[in-house]
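*Asks:* A predicted structure for the sequence below; I have some questions about it.
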Amino acid sequence: MDERSFLLNRETAVSYLNSLHHVFVLDGFANWDPEARIKVRVVTERAYHALFMHNMLIRPTQAELEDFGEPDFIIYNAGAFPANRFSNYMTSTTSVDINLKSREMVILGTQYAGEMKKGVFSVMHYLMPKRGVLSLHSGCNVGPAGDVTLFFGLSGTGKTTLSTDPRRPLIGDDEHCWGPEGVFNIEGGCYAKCIGLKQSSEPEIYKAIRFGSVLENVEVNELTREVDYMSNAITENTRASYPIDFIDNAKIPCVGPQPRNVVLLCCDAFGVLPPVSRLSLEQVMYHFISGYTSKVAGTEMGITEPEATFSACYGGAFLMWHPMKYAAMLAEKMQKHGTKGWLVNTGWTGGSYGVGSRISLKFTRAIIDAIHSGALDNVEYVNMPIFNLQVPTSCPGVPSVLLQPSLQWADKADFNDTLSQLATLFVGSFRSYLEDAAMHVGAEMAERILSGGPDMRQVKTLEAQAAAVPHEHHDVHAAAPGPDEGDGDSDVPPEECPACAARKSAPAAEAPIGVAEEGLQSL
């Protein structure tokens, strides 16, 4: 939108807020690093919104409040009042606008509290890279030896669950920056999904939900005031907002040294990506930009099959610069500090969604533990063709057969077809970032990033092999076996069909083809 349209919306919001008998004004900070700290002021009609941002911003001391002065960023939340849908650039009565020049945010026509949190994060994605600081949509924790791990992942991949570990102090669950001295949290609180929340599986989050927390979209028993965390009657996206110090082992202040590991999480509903693989820096950049996960049937209207979802840098809606700029900054910092990169799949194995099964959280936690302990540094790796991922052959606490997805599939040719399909989706999604990539990171860096993606030449080879025994062959077994009647139906049962036997025993694309070289490739 143009500046005049923003000013019209700003005038609408301010006029509405001025018409109220009272409003809530909240001052807080973004960024735990004092050198990068931003002063934020929220003006809102609802106590709910004020409490939400009280939880999510860094809460000033009384002395800091008295000396707060003029804010660096102001949020005018007039969400109860609609935008004029006939104004320029308006397509509905909902409008959420940020003016980077005046450092103001205006909210009209929506009372979703998360818009304020996302607005602050978006501004950080603009300001921090200009200072040489990388803003990241990630969780973060630190081990006893000061070993920091960054967790990236879209909703449903386990980012909050895996970063909230009772044995590793939590730096933050969602928004961080990586600067010259290490990492720091942008926020003062957590915003956790709580669908299916159980004290037995996620005790830290369960205990953090108490007086002062905000629960969204949950069902509450009016008599007992008990929350039904299993219910999705309103939506799957049930949420809890709470101050980070409600987590017993939160690290306060929320800062840490240079990261030792970067974990890229995905929930692969196609069931072909390994539970864990080691990445080169080029692959880290490619998968970071891709930001892959998948939707499954039942999560959204109209979805009946697994559907790939890509969001640049695991937070495309927040980005203010070209995705390759953030990726190049990430690789530069990883190379400088010797940080290792990993791709961890928390999704399906043994087949796609509806056929296979979800990888157990117990095994995913064992994988993360092995990354932290260094146990995966001294095991044998094999190469997975097409994606060229380095896959460990063993991991403490995880069945070896689980580490190789192709071994879990009954039909190896189906596995190859699905792997090729996913690779094609990756390549198609990535095309949108290539057109002007050289302008932002240079042609050489753009080529290096592209080299971290799937090898489509291998996809074409597998497609040619699959054509020899097409999927349609199975259809000829639809009729009962019998004498050859010349009608195209099979005259032998499927278990005796040579073509079907060849298809089921076809070499899988993920069959080990050799031990990978130790260590990460460097730029």
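*Replies:* Everything's here; your move. Residues are numbered from 1 along each chain as shown.
*Asks:* which residues in the stretch 201-350 of the chain form strands?
*Replies:* Secondary structure of the stretch 201-350 of the chain (DSSP state E, counting those that start in this stretch): strands at 214-216, 219-220, 227-228, 239-243, 255-256, 259-266, 276-279, 292-295, 307-310, 340-345, 348-349.
*Asks:* next one: the fourth one to chain centre, how far?
*Replies:* Spelled out, it's strand 239-243. Here strand 239-243 shows a centroid-to-chain-centroid distance of 18 Å under the convention CA atoms, centre = their mean, to the nearest Å.
*Asks:* give me the contacts around it.
*Replies:* 52, 54-56, 59, 113-114, 188-194, 197, 205, 208-210, 212-217 (CB atoms under 8 Å, 6 or more residues apart in numbering). C-beta: built from backbone N, CA, C; applies to glycine.
*Asks:* would you agree residue 182 is in contact with residue 148?
*Replies:* Yes: at 7.1 Å, residue 182 counts as touching residue 148 under the criterion of CB atoms under 8 Å.
*Asks:* pull up the overlap in contacts between these two.
*Replies:* A shared contact of residue 182 and residue 148, defined by CB under 8 Å, 6+ apart, is any residue touching both; here these are 256-259.
*Asks:* and the gap between residue 171 and residue 267?
*Replies:* According to CB to CB, to the nearest Å, residue 171 stands 23 Å off from residue 267.
*Asks:* kindly apply the preceding question to residue 335 instead.
*Replies:* Counting by CB to CB, the gap from residue 335 to residue 267 is 28 Å.
*Asks:* how many other residues sit next to the closest residue to residue 276 other than its chain neighbours?
*Replies:* Excluding the flanking residues, the one nearest residue 276 by CB to CB, 6 or more residues apart in numbering is residue 367, at 4.7 Å. As a burial measure, the neighbour count of residue 367 was computed by other CB atoms under 10 Å and equals 27.
*Asks:* which ones are touching residue 367?
*Replies:* Listed by CB under 8 Å, 6+ apart, the contact set of residue 367 reads 275-276, 344, 395, 398.
*Asks:* closest to residue 108 out of these?
*Replies:* Lowest distance from residue 108 to the contacts of residue 367 (CB to CB) belongs to residue 344, with 39.6 Å.
*Asks:* residue 308 against residue 422, yeah?
*Replies:* Yes: with contact taken as CB under 8 Å, residue 308 and residue 422 are classed as touching, separated by 6.8 Å.
*Asks:* so what sits against both of these two?
*Replies:* Between them, residue 308 and residue 422 have residue 270 as joint contacts when contacts are counted by CB under 8 Å, 6+ apart.
*Asks:* neighbour-wise, which of these two wins?
*Replies:* Comparing residue 308 with residue 422 by neighbour count (other CB under 10 Å), the higher total belongs to residue 422, at 25 against 20.
*Asks:* nearest to residue 163, out of the strands of the stretch 201-350 of the chain?
*Replies:* Sorting these by CB to CB, the top spot, which is the nearest, belongs to strand 259-266 at 9.1 Å.
*Asks:* pull out the buried residues from that closest one.
*Replies:* Going by neighbour count (16 or more other CB atoms under 10 Å), the buried part of strand 259-266 is 259-266.
*Asks:* now do it against strand 340-345, angle only.
*Replies:* Calculated by axes from the mean of the first three to the mean of the last three CA atoms, to 10 degrees, strand 259-266 forms an angle of 20 degrees with strand 340-345.
*Asks:* what strands line up against strand 259-266, and which way round?
*Replies:* For strand 259-266, the paired strands and their directions (DSSP bridges) are strand 148-152 (parallel), strand 340-345 (parallel).
*Asks:* how distant is it from the center of its chain?
*Replies:* For strand 259-266, the distance between its averaged C-alpha position and the chain's averaged C-alpha position is 11 Å (CA atoms, centre = their mean).
*Asks:* with neighbour numbers in mind, choose between residue 182 and residue 148.
*Replies:* With neighbours defined as other CB under 10 Å, residue 182 and residue 148 compare such that residue 148 has more, 25 against 18.
*Asks:* poorly predicted segments of the stretch 101-250 of the chain, please.
*Replies:* Residues of the stretch 101-250 of the chain that meet the criterion pLDDT under 70 are absent altogether.
*Asks:* quick one, helices of it?
*Replies:* Under the criterion DSSP state H, counting those that start in this stretch, the stretch 101-250 of the chain contains helices at 114-130, 159-163, 203-208.
*Asks:* make CSV out of the ones you listed and add mean neighbour count.
*Replies:* Listed next are the helices of the stretch 101-250 of the chain as CSV, based on neighbours: other CB atoms under 10 Å:
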stretch, mean neighbour count
helix 114-130, 20
helix 159-163, 24
helix 203-208, 18
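*Asks:* export those as CSV, with columns for distance to residue 101.
*Replies:* Supplementary listing: those in CSV, determined by distance: least, CB to CB, whole Å:
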stretch, distance to residue 101
helix 114-130, 11
helix 159-163, 33
helix 203-208, 38
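*Asks:* tell me which of these sits nearest to residue 227.
*Replies:* Distances from residue 227 to each of the helices of the stretch 101-250 of the chain were compared by CB to CB, and the smallest falls on helix 203-208, at 10.3 Å.
*Asks:* show me where this protein dips below the pLDDT cut-off.
*Replies:* In the predicted model, the chain carries pLDDT under 70 at residues 296-305, 462-463, 465-523.
*Asks:* mind listing what's buried in the longest helix anywhere in it?
*Replies:* Longest among the helix segments of the chain by residue count, using DSSP state H, is helix 412-430. Residues of helix 412-430 classed as buried by neighbour count (16+ other CB under 10 Å): 412-420, 422-427, 429-430.
*Asks:* who has more neighbours, residue 171 and residue 267?
*Replies:* Relative neighbour count places residue 171 above the other of residue 171 and residue 267, with 28 against 25, counting by other CB under 10 Å.
*Asks:* didn't that one look like it was pressed against residue 259?
*Replies:* No: proximity of residue 171 to residue 259 does not meet the contact threshold set by CB under 8 Å, at 10.1 Å.
*Asks:* which residues are in contact with both of these two?
*Replies:* Where contact means CB under 8 Å, 6+ apart, the residues bridging residue 171 and residue 259 through contact with each are 140, 148, 183.
*Asks:* now do the longest helix of the chain: distance to the chain's middle.
*Replies:* For helix 412-430, the gap between its own C-alpha mean and the chain's C-alpha mean amounts to 20 Å (CA atoms, centre = their mean).
*Asks:* numbering from 43 from now on, please.
*Replies:* Will do, 43 is the new start, and the previous item becomes helix 454-472.
*Asks:* and for residue 93, nearest residue in space, chain neighbours not counted?
*Replies:* In this structure, residue 93 finds its nearest non-sequential neighbour in residue 256, 5.8 Å apart by CB to CB, 6+ apart.
*Asks:* contacting residues for the one you found?
*Replies:* Contacts for residue 256 (CB under 8 Å, 6+ apart) come out as 90, 93-94, 97, 155, 282-284.
*Asks:* bridged to it, which residues?
*Replies:* So, taking DSSP bridges as the rule, residue 256 has residue 283 as bridge partners.
*Asks:* and residue 67, by the same measure?
*Replies:* For residue 67, the beta-bridge assignment (DSSP bridges) gives partners residue 85.
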